[in-house]
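Undergrad: Structure here, sequence nowhere to be found:
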């Protein structure tokens, strides 16, 4: 289960995912739906989304490729795979099963 984190990509500000009808577009949110939180969540939930840009409150469009078409005022974001962080610690070895109780001692001789 790979988790991705969407972060601002200021190097791509002013770019968008092609023009309307571009096959690389994976989602297109408009107006009240084009909130920063919703755009990020939509991209994070879509495995094909690698980046998105938008003018929040107006539109945001997700992309399965890099942002490459100029659009003044667009703010760019990209998905950063968590694989760049440290690997998770190894899981501890399973604990051995408990040893059986000792047999009852024989009764003392009469």
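TA: Cool, the structure landed. Computed from a prediction, not measured in an experiment: that's the story for all the values here.

Undergrad: Please enumerate the helices of this structure.
TA: Per DSSP state H, the chain carries helices over the ranges 36-45.

Undergrad: Show me the shaky parts of it.
TA: Residues of the chain meeting the criterion pLDDT under 70: 1-3, 82-90.

Undergrad: ok, now with 80
TA: 1-4, 81-98, 100-104, 106-109 (pLDDT under 80).

Undergrad: can you pull out the strands in it?
TA: Listed from the start of the chain, the chain has strands (DSSP state E) covering 4-8, 15-16, 25-30, 51-55, 59-63, 69-70, 75-81.

Undergrad: Export the ones you listed to CSV and append columns for mean neighbour count.
TA: C-beta coordinates here come from the backbone N, C-alpha and C atoms, glycine included. Shown next, in CSV, are the strands of the chain (neighbours: other C-beta atoms under 10 Å):
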stretch, mean neighbour count
strand 4-8, 15
strand 15-16, 22
strand 25-30, 18
strand 51-55, 24
strand 59-63, 25
strand 69-70, 12
strand 75-81, 19
